[in-house]
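*Asks:* got a structure for you, letters missing:
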């Protein structure tokens, strides 16, 4: 049997709201009920039906439970917008809370708690007090949660009226569901309060462990989660707790299983007996494996958690690697996580099997997965010395398939293998060199060049190989240039013959005189001086032995790992971030400002959710939610010399040396967030300052690692915008941020094809994969200071351009408040006032501007002061950029 | 924090809100827009089911043509959130009688609102048992069981049952004939290398139960699993009977099973819900009897021709037979012409999934069947990228066969009125993900 509610979504031709109003006031019950259903249907599809508030509330007094529920639902949605009218409902609520029917009593209390209107909250206290002591457990369990709701609205009230004591009493209730809800409410209140409210002692512990056996699956989750904070007094108590909890591992509900695992892992910290530990590890493995036969989304959560668990206790799943083999139809997110765990579980015992799998994956379709599989082989080689040779032979087999991205990825990991096992596997270099021509990714190219430089003495034609790269030196990305420079110096030091000597001169010349990249220049000068003053010293420095590398990628810091394990099954364990790193929202007052931002639907709404920016708002009532990662950066620590994989000099690689010409502490107006990936959030915007275009950027590191070696690259774009210098960002410690103004040049890398305001940017650092994002080129950042025109020239230009060069757009949403302020605003962005006139009640303003390469922009703005609506017409020799201008206008006036 | 959701949205594939319910104030009303612009429209939908945008996290899954999106801003319990969605969908299905899709939601939106109000409070999941909820949330909704009008017959203690220790069974059930149906359904998952080595193989089984029993019966189930048998013989201090025993890797139970008792005595005892439910799930990796062996040989003859030969052998008892056998043999995208012969069944080239689909309606035990095909390919320019050879996939059902060898030894029913029950047991083995690389 199925319902036929869809009819309520159909609309009639007549004005909808008046018609509904009429029906709501009908004398027939059925008609009223249908009308309420229509109202709810309209609400669902996003229509504003708040104007019917009084009429809907009038239907509240009813015998019909279904109708009552619908009215309550309406109230929850609109009470906030009509606080004065909401008071009309109070009487019915209070009356319902005394109804003989427990379902109605509970419904009334439940709904009142959801209405966040002060006047209603006042009236909630008395009914809530009664309901907490109600005879019916259904009412009590609802009231228990309601206390948490009230605490969220008004914490003081909860404390003053003694609700906390009443709630604590419910822990001893004879009904397990009441106990479970009371525990959930208390745990939440504790989390948002600094004073000790809900402390678990051994008596509560026993009580709750007993309730665990009887309550619903969800109740078990609440109780287990609350108990996982409990610290057992001694190993014996811990063992006892664990014994009571282990049966939960057999539950069909994955949330129960994960919460039980969390609790057992916590208690295991205290247990000293190795037998008990071994036994527990054995017991936990099968349920964890079983989670992998659940829905893919649940598998994903399980896998992210297993990733943490195997880092802490590798023995648990040491023998289960097969269950992590990828199925062909697994979603990509499941495959990626399985791969990560396979690397973690790979050992000398199972490596052959694992390698066969990786090889299979490396021939699949999804490029990202294939790359990760190839990288996984490399990581296994670095991790398992005895298997390194087998890993390399698999990589060589893959290179032979000649799939371009497989080859490039393989070369990148082989470079790491060479670093890990120097002077062991050089025999394969010849094979690698065969693929030289196909390399087109900077990282692969740089890796290959490093290999050639490092082993120059064993490669007969090393000079020829390097020479082939030199021709394109100026066009290469910085990463490749740096490697070429170092490799050539190595070559020269190893084979100081004529050929290399010539090469080194070309390179040094290119890297000092021709380049504007200070990193490259600095490094080149150091080499130059070393070579010219003391070639032996240069040898000692450049060809020095490098420290051995290990595979610690994706290994978490032990203290962070412990924190994450305490959060198993939560978002924190899925993101691998501590809760305070992403729970940024402060409750109550701050909330409101955010909502308004979202209401505008502007892109920038997200960044203004940043509590630092809204620092002026009243302090939050909640105590322990820290907006970590949002505080102003502490003084940047001395950049630690990070051992660079490529073994470059003195950590000079990339941007490890921090110039101090830009303040590192955040300042200035908030920038729109452009990208947020792997814990790195970048906000950026093009701006103009002192006649120069800058890319103003803010980097916030919300990840767990220090990020350094930032580099930026701009894709070809309509205006040929490119960085005028390297990106200068100091090493970013977790939770800190840095701001920079990157000077930009125009017409460096012009794109062909139709003009577009898209600015594609790639940012990378030494720790994370490249982050790509698309920003908008805001045209007014490009308007030149020389855009002012004489009146006569303006008119002449206007006339000389054909009408087809005129483009118009109306902005119904923009209101001009005064002509003067508009002129002032636009002048600040190099749009210069020419003349104004009145056309009836409308004001018409003429302005001129100039985009680089001297393209004049003639602007006519028409608007009625104080009335919404702005008409904008531009005439320019390149009308194709007019749409960008309109975007700019919109941005300027909305701001 | 065990909070599972601050708000829950049901969206269709275009991103229109079908229904939504906000449970907490900490997420803005139009966060769903962020979901649309940053996840749905960016083709990142399939990338990761848990995403953070702005200050909110989105936890979502797709079920038929509906996206169910949970929005939270705190450190919520994600496992709880996903499980809640899964259970809620099962509940809705039980109410609408089958399908859960866009139309079903539109047609039942009042009911769904009502259920959403009941099954989650302030983001905390409450009782989701269809059995109990149906007591007081009725589909017609016209009469409430608690309506104070005397003519309505009230259900006496619905609220006690919702919160009670047996929160999944209502009291006072009466059947003329007391019957229990047990279905043992096993899915065999196999990953075999092209050389015929078993890379991974396991069986995930379910014990499905349909109960039509009066009163409040206590049930006890006995299987031929090793630990259970050992424990039993230990308790009765007599040696275990000989016969095939199997080792279960893991078992999980419906919430009605007393887990503490299972842990100490290894017996499966429970008070069942009324009607159909999944009593337990188990997993076995040792000693799996594979019902089918597949031996593929694929030869690429030059750039435009391929020869495919697939032999399928049934290795279960000669008296049994498999039903609905489907073998999907992948072929390259640029397949132009196929030519094949089969010894049994019918084969077809399906270009939309780039597979030869070979169907055999009935496949007796201890027999074999072959397909040989010649495939002509369109020669493509350049592109040396070789064909990735996805695995051969197989579907089948074998009634009265368990790949694990699991058997039900007994099912005992106690009820204070002492009635007799009739028990029916069925076994069936199906293909899970049965993949053979080639």
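*Replies:* It's in. Remember, predicted model here, so these are calculated numbers, not experimental data.
*Asks:* those strands in the stretch 151-300 of chain A, which residues are they?
*Replies:* Using DSSP state E, counting those that start in this stretch, no strands are found in the stretch 151-300 of chain A.
*Asks:* Now do the contacts for the residue of it found nearest chain B.
*Replies:* Proximity to chain B, evaluated over the stretch 151-300 of chain A using C-beta to the nearest C-beta, is greatest for residue A:286 at 3.3 Å. C-betas here are computed from N, CA, C, even on glycine. Contact analysis of residue A:286 by C-beta atoms under 8 Å, 6 or more residues apart in numbering or on different chains lists A:249, B:249-250, B:283.
*Asks:* Dump those residues to CSV, plus secondary structure.
*Replies:* CSV is the format used below for the contacts of residue A:286 (DSSP: H, G, I helix; E, B strand; the rest coil):
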residue, secondary structure
A:249, helix
B:249, coil
B:250, strand
B:283, strand
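*Asks:* top of those by neighbour count?
*Replies:* When neighbours are counted as other C-beta atoms under 10 Å in any protein chain shown, the busiest of the contacts of residue A:286 turns out to be residue A:249, with 25 neighbours.
*Asks:* State the distance from residue A:278 to residue A:268.
*Replies:* Distance, residue A:278 to residue A:268, by C-beta to C-beta, to the nearest Å: 11 Å.
*Asks:* scratch that, residue A:165
*Replies:* To residue A:268, residue A:165 is 35 Å away according to C-beta to C-beta.
*Asks:* Spell out the residue ranges of the helices in the stretch 51-200 of chain A.
*Replies:* A:53-58, A:65-78, A:83-96, A:102-114, A:118-132, A:137-153, A:155-160, A:163-170, A:176-191 (DSSP state H, counting those that start in this stretch).
*Asks:* now those in a markdown table, with distance to residue B:56?
*Replies:* Shown next, in a markdown table, are those (distance: least, C-beta to C-beta, whole Å):
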| stretch | distance to residue B:56 |
| --- | --- |
| helix A:53-58 | 28 |
| helix A:65-78 | 19 |
| helix A:83-96 | 26 |
| helix A:102-114 | 19 |
| helix A:118-132 | 25 |
| helix A:137-153 | 17 |
| helix A:155-160 | 23 |
| helix A:163-170 | 29 |
| helix A:176-191 | 18 |
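*Asks:* what ranges do the helices span in the stretch 201-350 of chain B?
*Replies:* B:226-235, B:259-265.
*Asks:* does chain A sit close to the longest one?
*Replies:* No - for helix B:226-235 and chain A, the contact criterion (C-beta under 8 Å from any C-beta of the partner chain) is not met; the two come no nearer than 12.0 Å.
*Asks:* Name the residues of that helix that are buried.
*Replies:* Under the neighbour-count criterion of 16 or more other C-beta atoms under 10 Å in any protein chain shown, helix B:226-235 has B:228-229, B:231-232 buried.
*Asks:* coming back round to it: neighbour count: residue A:278 and residue A:268, which is higher?
*Replies:* Shown here are residue A:278 and residue A:268; by other C-beta under 10 Å, residue A:268 has more neighbours (18 against 11).
*Asks:* my guess is the more buried one contacts residue A:283, does it?
*Replies:* No - using C-beta atoms under 8 Å as the test, residue A:268 is too far from residue A:283 to be in contact (11.2 Å).
*Asks:* and the gap between the residue of the stretch 201-350 of chain B found nearest chain A and residue A:250?
*Replies:* Distance from chain A to each residue of the stretch 201-350 of chain B (C-beta to the nearest C-beta) is smallest for residue B:250, at 3.3 Å. Going from residue B:250 to residue A:250 by C-beta to C-beta gives 8 Å.
*Asks:* what do these two both touch?
*Replies:* Overlap of the contact sets of residue B:250 and residue A:250 (by C-beta under 8 Å, 6+ apart) consists of residue A:287.
*Asks:* Okay, strands next: where are they in the stretch 101-250 of chain B?
*Replies:* Taking DSSP E, counting those that start in this stretch as the criterion, the stretch 101-250 of chain B carries its strands at B:120-121, B:124-125, B:179-192, B:198-212, B:218-223, B:250-253.
*Asks:* Make JSON lines from these and add mean pLDDT and distance to residue A:397 to it.
*Replies:* Converted to JSON lines, those look like this (pLDDT from 0 to 100; distance: least, C-beta to C-beta, whole Å):
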{"stretch": "strand B:120-121", "mean pLDDT": "94", "distance to residue A:397": "53"}
{"stretch": "strand B:124-125", "mean pLDDT": "96", "distance to residue A:397": "51"}
{"stretch": "strand B:179-192", "mean pLDDT": "94", "distance to residue A:397": "21"}
{"stretch": "strand B:198-212", "mean pLDDT": "92", "distance to residue A:397": "19"}
{"stretch": "strand B:218-223", "mean pLDDT": "92", "distance to residue A:397": "47"}
{"stretch": "strand B:250-253", "mean pLDDT": "91", "distance to residue A:397": "37"}
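*Asks:* Please pull out the lowest mean pLDDT helix or strand from the chain.
*Replies:* Using chain A here. Counting by mean pLDDT, DSSP states H and E, chain A has its least confident helix or strand at helix A:589-600, which shows a mean of 36.
*Asks:* Hmm, no, I was thinking of chain B.
*Replies:* Result, chain B / mean pLDDT, DSSP H and E: helix B:158-163, a mean of 72.
*Asks:* Contacts made by that helix with the rest, please.
*Replies:* Helix B:158-163 is contacted from outside by A:102-103, A:106, A:136-139, A:141, A:175-178, B:127, B:132-133, B:135-136, B:145-146, B:167, B:170-171, using C-beta under 8 Å, 6+ apart.
*Asks:* Distance of residue B:295 relative to residue B:308?
*Replies:* Going from residue B:295 to residue B:308 by C-beta to C-beta gives 12 Å.
*Asks:* Which of these two has more residues huddled nearby?
*Replies:* residue B:308 (22 against 16).
*Asks:* Look up the pLDDT of the closest residue to the more buried one other than its chain neighbours for me, please.
*Replies:* Nearest residue to residue B:308 in three dimensions, chain neighbours excluded: residue B:373, at 4.5 Å (C-beta to C-beta, 6 or more residues apart in numbering or on different chains). You'll see residue B:373 listed with a pLDDT of 93.
*Asks:* Strand partners (parallel or antiparallel) of the strand or helix carrying residue B:373?
*Replies:* In the assignment (DSSP states H and E), residue B:373 maps to strand B:368-377. Strand B:368-377 has its sheet partners listed here by DSSP bridges as strand B:305-314 (antiparallel), strand B:335-342 (antiparallel).
*Asks:* Highest mean neighbour count out of these?
*Replies:* Most buried of the strands paired with strand B:368-377 by mean neighbour count (mean count of other C-beta atoms under 10 Å in any protein chain shown) is strand B:305-314; its value is a mean of 19.
*Asks:* List, one by one, the residues from the stretch 251-400 of chain B near chain A.
*Replies:* So the stretch 251-400 of chain B meets chain A at B:251-255, B:258-260, B:262-263, B:278, B:280-281, B:283, B:384-386, B:388-391, B:393 (C-beta under 8 Å from any C-beta).
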